[in-house]
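> sequence unknown, structure follows:
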């Protein structure tokens, strides 16, 4: 361990920074996204179910293209009232259909700009469900493979979706969160619970140090091994810009290069 708090022998060489965008269009929100875009390497664009619409998809994709950012789809449950964060049970057939529909929607919108997307990252309750439910995870993997087997799949590190995506032959990018609390099984603490979001620079720095050293500490004090190929930075935090600047600085101090994921 060196003076920065990071392991001297870390095997991590590069890491991606991703953010979910195209979900709101207030002037304040659009200004924040414009500030964040040059600081990330991948963006996940809402596909019109939990949020977003074609005009906002185009705007977000154009901004990403200007900064050479990898563009991805961000499908979720069709639940605008609860922003796709309400837990629900669903069939494998419904999951396949809603993902296929949203990927097609984004692909058609981007085609009008002569752009494409390179990855898929689920949103909200669908992300959490696929992380823990093997049947749902397999349905997600089938849908993406059927749409385009060369797309990268962003999935919660160590989750069922990682296993299902890998088994289906997809290139999986394992994701960690520097601003979220973890349960002892490696899943994220639901946003509806207290302390689900880390809110201070000290908390984010401590969590990031853990991730770069290969683990996270759960809310009940258990240490969970973790592989992080990409870090999510949420745009819906008032401190989003400050957090990502801190994260970039800390990653640099650890000797890790920030780069978008390689697409085979």
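Arrived safely, thanks for sending. This one's a predicted model, so the numbers in the text were calculated from it and none came from an experiment. Numbering: from 1, shown residues only.
> Please report how far the residue lying closest to residue 72 once chain neighbours are set aside lies from residue 98.
Nearest-residue entry for residue 72: residue 119, 3.8 Å, with adjacent residues in sequence omitted and distances by C-beta to C-beta, 6 or more residues apart in numbering. For the C-beta atoms, the positions are set from N, CA and C on the backbone; glycine is no exception. Using C-beta to C-beta, to the nearest Å, residue 119 is found at 18 Å from residue 98.
> Which one's more surrounded, the two?
residue 119 (26 against 20; other C-beta atoms under 10 Å).
> Could you pull up phi and psi at that one?
The phi/psi pair for residue 119 (degrees, to the nearest 10) reads phi -150, psi 170.
> got a list of what it touches?
Each residue near residue 119 by C-beta atoms under 8 Å, 6 or more residues apart in numbering is listed here: 42, 44, 70, 72, 73, 151, 152, 153, 154, 173, 261, 263.
> circling back: is the residue nearest to residue 72 bridged to anything, and to what?
Beta-bridge partners for residue 119, by DSSP bridges, are residue 72, residue 152.
> For the residue most central in space within the chain, give me the pLDDT.
Nearest to the geometric centre of the chain sits residue 232, at 4.9 Å (C-alpha atoms, centre = their mean). Per-residue pLDDT puts residue 232 at 94.
> so it makes contact with residue 20?
Yes. With contacts counted by C-beta atoms under 8 Å, residue 232 reaches residue 20, the gap being 7.4 Å.
> Where does pLDDT dip in the stretch 51-200 of the chain?
Along the stretch 51-200 of the chain, segments meeting pLDDT under 70 span 80, 83-84.
> which one is residue 63 nearest to, not counting chain neighbours?
Nearest to residue 63 is residue 37, by C-beta to C-beta, 6+ apart, at 5.3 Å.
> Secondary structure class of that neighbour, three-state.
When classified by DSSP: H, G, I helix; E, B strand; the rest coil, residue 37 comes out as helix.
> Having no further points to raise, I will conclude here.
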